[in-house]
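Model the following, please.
(2 chains)
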Amino acid sequence: MSADITRRKFIRDATATTAALSMPTFLEACGASRSAAGGTMPSESNAGHNPFADVFGIDDGIIRRTLAALSSRGADQADLYFQHSLSSSLVYQDGIVSQASTSIDLGVGLRCVVGDQTGYAYTEELTEKAMRDAAQTAALIARGKAAVGPQQIRHTGLRKGFYSTKVPWRDVGIDKKLPIIRRAAELAHRRDPAVKKVEIRWSDGESRVMIATLNGTVVYDERPMARMYVTVTAEKGGKTQSNSANIAGRRGLEFFTEAQLELVTKQAVDRTMILFEAGRPPAGEMPVVLAAGPSGILLHEAIGHGMEADFNRKGVSIYSEMMGKKVAEEFVTIVDDGTLEYERGAINIDDEGNPAQRTVLVDKGYLRTYMHDEISAKQYRANPTGSGRRQSFRHSPMPRMRCTFMEDGPHSREEIIAGAKNGILAETFLNGQVQIGAGDYTFYIKNGYRIEDGKVTEPIKDINIIGNGPETLRKITMAAADGHLDTGGWTCGKNGQSVPVSQGIPTVLVSALTVGGEDA
Amino acid sequence: MPDKATLLKRAEHAVELSKKAGAADAWAVAKQQRSVDTEYRDGKLEKVQESTAQKLSVRLYVSGRYSTHETTDLRPVSLRSFIAQAVALTRHIEKDPYRTIPDAALFKDRPRVNLGIVDEKVSRISPNDRLAWCRELYRATRGSDKIISSTVGVYDSASRMAAASSNGFSGTRDATSLWMGGEVTLRGEGGKRPEGYYYAGGTGFEHVPNRQALGKLALREATRRLGAIKGPTKRATMIVEARAAGRLLSQLLGAASAYHFSQDRSFWKNAMGKAVVSKKLSITDEPLLRGGSGSRHFDDEGISARSLPIIDKGVLTNIYVDTYYGKKIDMAPTTGARSNWVLPIGNRSYEQLVNDAGSGVIVSSWLGGNADATTGDFSFGVRGHLVEQGEVTKPVGEMNVTGNLLKLFGKLVALGNDPWPYGPTRAPTLIFEDVQFSGA
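Below you'll find the predicted structure:
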């Protein structure tokens, strides 16, 4: 069989079928029209038109009637979150790409909000009846009179936004991906003769969302995502070590250039080979230099979660009563931004339909803004910050980070390392966690170095760092002008929901953190 | 929810379609789940979420090639197209000599014992029940003037799955789940807002303790955190409470699999049949445990369930072997995925163990941290209490514990008589000697 039968066809047909079959009931009732083959979406479309009519097979009448059912017992806010996601993955292992998988996910989440109370239900069946049943379930949270539903539906256009790709992933054949994966494997094997195994996990896809709110506005977004995850195992002197690196973003096929493949395989191999030389630093409190880029994980854990407004409106965050106060040195400005092109954390609109924005959490050392969803914004009488996100139509939104970073500071990397005197330099990370109320947070360092007498010395590995958020902010005593975002992709988990995020930071010095080292 | 026969037909139909589309072999799983998540905070309902989910997944074996696919769109015409395209796609990846459908001989002798994982009463819970229970839990959490917020919750679900294969496998599994508990945040010192939580549950009502007690335990967990200090940097005895043992054991056994062996990414790799950890440690994978959250009659590959000793008195006796990776490393399949873990029970209570330890650090929960599957090197954040002169004294936090998993479990000196009854790991309090802590 020719290699022309591609994933494009596979997914397209499935999509077209999906749309065609979800419609008969209302097609007859409403006479909505459907364009020819489903699948391709215009990158721009005019307002007033539903660009995803084919994808979901939902017309204005259904939206209006479902919103009416959802707000039939009253609602301050109600929304329908339609989502159609297609994803595929490939695995290279032991020299071949012999594992493939695909997933089709389609459904609608229905939310009814009264004050800070939420009723939520979803259905994977996009018939009017299934949606009405789900709406009635979600509406049970309310106990009042029917809210005024939308009389007219207003469609906003599908914007080009922060992450347009040349070709949507659903139209990219497996034949285009295989050579890229094989090339990466070759580069990784070539980089060091000690490399014994290379595993590459590739994933791509896109999610199309359509959000209809009680005021009758319907907004759209199409969100691509791609990731290449390279794991290397090497053998040297009878010992085995493994490590990994990944590149990720809201990207299309064009992202995976030779230069990107070289970057990710170099990272994976170099981070593995250095482990043969690495040991543990001493245990206890010491100065920690966080290398530019991936160390943005510090911001995510030490302050980011604590600034999500849901934790603050409930009073359970350690930052609950610190708004407007000085929390860090003047050179510390920390931002959460959903508008950075092609980042994993980028969103054109959040999952409540609000436009993404740049939110300054800490402005020149002062705590400035929480990250809000609609519920918290209302409570704080603030504007939503475009931070209401959800994992999928199966979940209700809450304030989440997007791309969290710190702006450049006045020092140089050399000054910072010299300033640390005796401590560690942290370079790569696997994961982190925080306790919102106590403020204690941790992150796990996979690779780093010891700093002795102001100089970078032996490599170190596998140590957990633990600190307290507000205390750590106060202890950021130096920051360099070399800030950038991590090239690897991150996923943030909160209350059982995962969302893609990004992070970055310049080189900073934290004057004291507890390092999970080992004393001889 | 569709009955078992309907769900099984759905899976069989998918296998049939796959064969018709050209697959040499196929495996299909149809799932259905209904769940309700109720959250109640500070005197009123916070969130009620109702879910009814369905999914069909297929594993396709097409002329020496393999792929997996899943969809939530189960309408007949969609499904036919989905499967036909999936089979076509499979032809474009590389042939794999190790990939075969699981051997039908492994389906034989499927146990029939009642697993006790379905509680009919769970499916009859009403919205009023949930609200009443939330109120009861909530009232029980209110026993301190330091409370900033308390949130309680009830989660219940019923799930059903059916699987069928082209080489004769056919099976269904029903299960229910019920969890309740709460979390409390208190006003602490220095602007800190220490939190504590306690959730309990399992496959039905018999696993959920009295709601009064449960609410009080949540409050107690938060109260225990008041005045936490950073503990010392030192080597000391580590007392891992039963509730925290599961995470540590997951790290220990995470790499005990044919997948990790085949990729040379397991610190267990040369340990098969050898005594590599303390003789006090035995861990059995027990799929037939009555009422166990992980209990089952067969696994993902249809392999009939049986008790599988992973570690027996410190000796690695079995690892998790599925069909594919088993072929790669020339080992017969055991099962590819864990069920319940059962550990032997010691004869001393938690209080006696603490008393006998004399001094050390109690770990009641972990914060972050990780372990390297290839080397076993680990480092975790911990919170808990100091033990001084046989007594539990100050709460501690902002500490790490660091070492190597094999070495750590070599220093396991005692187990308590208090296995954690909730969830799939039945492990008691674990005592380790000479563990590196880092703190102030």
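
can you list the domains in chain A?
A:7-170+A:205-228, A:284-515 (automatic domain parsing).

In CSV, list the ones you listed along with mean neighbour count and mean pLDDT.
For every residue, glycine as well, the C-beta is placed using N, CA and C. Formatted as CSV, these follow (neighbours: other C-beta atoms under 10 Å in any protein chain shown; pLDDT from 0 to 100):
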stretch, mean neighbour count, mean pLDDT
domain A:7-170+A:205-228, 20, 80
domain A:284-515, 22, 97
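
can you list those domains in JSON lines and add distance to chain B?
Formatted as JSON lines, these follow (distance: least, C-beta to the nearest C-beta, whole Å):
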{"stretch": "domain A:7-170+A:205-228", "distance to chain B": "4"}
{"stretch": "domain A:284-515", "distance to chain B": "3"}
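
mind giving me CSV with those domains and columns for distance to residue A:178?
Below are those laid out as CSV (distance: least, C-beta to C-beta, whole Å):
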stretch, distance to residue A:178
domain A:7-170+A:205-228, 6
domain A:284-515, 21
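
Do the longest helix anywhere in chain B and chain A come into contact?
Scanning chain B for the longest helix, with DSSP state H as the assignment, gives helix B:4-20. No - using C-beta under 8 Å from any C-beta of the partner chain, helix B:4-20 never reaches chain A; the gap is at least 13.6 Å.

so after that helix, what's the next helix or strand?
strand B:25-41 (DSSP states H and E).

just so I have it, where are all the helices in the stretch 51-200 of chain A?
Assigned by DSSP state H, counting those that start in this stretch, the stretch 51-200 of chain A shows helices spanning A:53-56, A:60-70, A:128-139, A:174-191.

just the stretch 351-500 of chain A next, same as before
With helices called from DSSP H, counting those that start in this stretch, the stretch 351-500 of chain A shows them at A:374-380, A:413-420, A:469-474.

could I get these as a markdown table with distance to residue B:249?
What follows is these, written out as a markdown table (distance: least, C-beta to C-beta, whole Å):
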| stretch | distance to residue B:249 |
| --- | --- |
| helix A:374-380 | 38 |
| helix A:413-420 | 37 |
| helix A:469-474 | 30 |
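
Relative to residue A:273, which of the ones you listed is closest?
Distance to residue A:273, taken as C-beta to C-beta, is lowest for helix A:413-420 among these, at 22.5 Å.

what ranges do the strands span in the stretch 1-150 of chain B?
B:25-41, B:44-62, B:65-71, B:147-165 (DSSP state E, counting those that start in this stretch).

I'd like those as TSV, with distance to chain A and mean neighbour count appended.
Listed next are the strands of the stretch 1-150 of chain B as TSV, based on distance: least, C-beta to the nearest C-beta, whole Å; neighbours: other C-beta atoms under 10 Å in any protein chain shown:
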stretch	distance to chain A	mean neighbour count
strand B:25-41	7	21
strand B:44-62	4	21
strand B:65-71	4	23
strand B:147-165	5	22
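
Give me the neighbour count for residue B:75.
Residue B:75 is flanked by 14 other residues according to other C-beta atoms under 10 Å in any protein chain shown.

rewinding a little: mind listing what's buried along the longest helix of chain B?
B:7-19 (16 or more other C-beta atoms under 10 Å in any protein chain shown).

and whichever strand or helix holds residue A:502, which strands flank it?
If you go by DSSP H and E, residue A:502 is part of strand A:497-505. Note on strand A:497-505: by DSSP bridges, its sheet partners are strand A:403-406 (parallel), strand A:484-485 (antiparallel), strand A:490-494 (antiparallel).

For it, output the C-alpha coordinates as PDB.
Extracted as PDB, the C-alpha positions of strand A:497-505 are listed here (Å, rounded to 0.1, in the frame of the first residue of the first chain):
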ATOM      1  CA  GLN A 497      -6.600  18.600  36.200                       C
ATOM      2  CA  SER A 498      -3.500  18.800  33.900                       C
ATOM      3  CA  VAL A 499      -2.800  21.800  31.600                       C
ATOM      4  CA  PRO A 500       0.200  22.600  29.500                       C
ATOM      5  CA  VAL A 501       2.400  25.400  30.900                       C
ATOM      6  CA  SER A 502       5.700  27.100  30.200                       C
ATOM      7  CA  GLN A 503       8.200  28.800  32.400                       C
ATOM      8  CA  GLY A 504      11.400  30.700  32.400                       C
ATOM      9  CA  ILE A 505      13.800  32.800  34.500                       C
END
